[in-house]
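K.L.:
fold the following, please.
(one chain, ligands or ions: 2)
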Amino acid sequence: MIRLGVNIDHVATVRQARRANEPDPVAAAVLATLGGADGITIHLREDRRHIQDRDVYLLRETVTTRLNLELAAYDEIIAIALKVKPDEATLVPEKRQELTTEGGLDVLANAAGVRGAIEKLKSAHIHVSLFIDPDPAQIDESVRLGADAIEFQTASYSEAKGTAVQHELEKLRAATARAVGLGLHVHMGHGLNYWNVQPVVRIPGVEELNIGHSIVSRAVLVGMERAVREMKNVMQEHYPNPRKSG
Ligand SMILES: CC(=O)[C@@H](O)[C@H](O)COP(=O)(O)O
Ligand SMILES: NCC(=O)COP(=O)(O)O
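P.N.:
Ligands and ions are numbered 1, 2, ... in the order given. Just a heads-up that it's a prediction; the model follows:
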């Protein structure tokens with residue numbers, strides 16, 4: 001079965017709306033875990049618009065599953081990662097002016113910086129993933145740079161309309177097959193929700209999905225534990241079961 005990493009960034013977005021102390025992402029992580037989350041994902045942005053340094057340190061102490069820290073390759077943030085030692089670090093692109101992450105990290109254009117970041121993180125025995133487009137050249141370079149895993153950005157798929165949806169799904173299927181063939185662990189994330197996740201869990205070779213905004217949006221209405229449980233149920237219901245296929 002595919003693991004679910006719950007991204008709790010936007011619990012912190014609600015807190016930061018008033019620069020208050022609640023809702024606490026640490027409490028959200030406990031509830032997400034009770035709901036069946038296989039890991040917790042957080043994005044410590046350079047502009048600290050949501051997750052704060054304090055959240056990262058406390059979550060390292062309290063997360064009992066896997067802590068995945070998303071970060072851009074800024075020296076300051078890498079230094080925090082080396083201190084905190086998350087189970088996994090996912091290198092992502094980042095721009096202050098963006099509303100949310102836009103596309104995948106261009107590991108070809110940023111090879112030197114990405115290689116340096118990977119070397120530092122792996123020297124601290126942190127599993128490294130690269131958040132990239134489902135593109136053969138990006139996959140091949142990720143292998144050359146020494147990544148343990150890649151996370152295909154699914155924004156292009158989640159924002160697709162009409163016939164483009166199947167085209168984007170096919171890109172994800174082909175990219176996953178290529179990456180698995182090259183020995184990479186394959187994750188996916190960005191813009192996945194309770195409906196568009198269904199075809200994604202049927203892609204052979206995907207090991208983990210990182211889902212945040214749609215789960216937090218549901219959690220605002222029904223609570224985090226139930227929102228995560230419902231996502232796990234959708235993933236399990238649509239995951240290909242060899243026994244079912246007869
Ligand atoms: C990399 C990615 O797609 C998300 O995990 C990331 O966290 C998005 O950034 P925001 O959560 O700040 O929108
Ligand atoms: N890397 C994707 C992630 O962690 C969550 O993205 P989203 O579901 O908040 O769009």
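K.L.:
so for stretch 145-160, what gets flagged as buried?
P.N.:
Across stretch 145-160, burial judged by 16 or more other Cβ atoms under 10 Å covers 145, 147-158, 160. Quick note: C-beta positions are derived from backbone N, CA and C, even for glycine.
K.L.:
Q16: which of those residues is nearest?
P.N.:
When those are compared for distance to Q16 (Cβ to Cβ), A155 wins out at 22.6 Å.
K.L.:
so where is the chain shaky, pLDDT-wise?
P.N.:
By pLDDT under 70, the weakly predicted segments of the chain are 242-246.
K.L.:
give me the neighbour count for the nearest residue to I132 once chain neighbours are set aside.
P.N.:
What sits nearest to I132 in space, not counting adjacent residues and going by Cβ to Cβ, 6 or more residues apart in numbering, is G104, at 3.9 Å. G104: 22 surrounding residues under other Cβ atoms under 10 Å.
K.L.:
hmm, back to that, intersect the buried residues of stretch 145-160 with the contacts of ligand 2.
P.N.:
When contact is defined as Cβ under 6 Å from any ligand atom, the buried residues of stretch 145-160 meet ligand 2 at E151.
K.L.:
the helix or strand hosting L82 close to ligand 1?
P.N.:
In this structure, L82 sits in helix 75-84 according to DSSP states H and E. No - counting by Cβ under 6 Å from any ligand atom, ligand 1 has no neighbours in helix 75-84; the shortest distance is 13.1 Å.
K.L.:
helix, strand or coil: sort out the residue nearest to the spatial centre of the chain for me.
P.N.:
The structure's the chain has its C-alpha centroid closest to N210; by Cα atoms, centre = their mean the separation is 3.8 Å. Assigned with DSSP: H, G, I helix; E, B strand; the rest coil, N210 falls in the strand class.
K.L.:
how close does it sit to ligand 1?
P.N.:
Distance of N210 to ligand 1, computed by Cβ to the nearest ligand atom, to the nearest Å: 6 Å.
K.L.:
what's G183 in contact with, if anything?
P.N.:
Contact analysis of G183 by Cβ atoms under 8 Å, 6 or more residues apart in numbering lists V143.
K.L.:
quick one, phi/psi of it?
P.N.:
phi 90, psi 10 (degrees, to the nearest 10).
K.L.:
what of A73?
P.N.:
According to degrees, to the nearest 10, A73 has phi -80, psi 50.
K.L.:
within the helices and strands, which one has the nearest residue to it once chain neighbours are set aside?
P.N.:
Closest residue to A73 apart from its sequence neighbours, by Cβ to Cβ, 6+ apart: A117 at 4.1 Å. Using DSSP H and E, A117 sits within helix 111-123.
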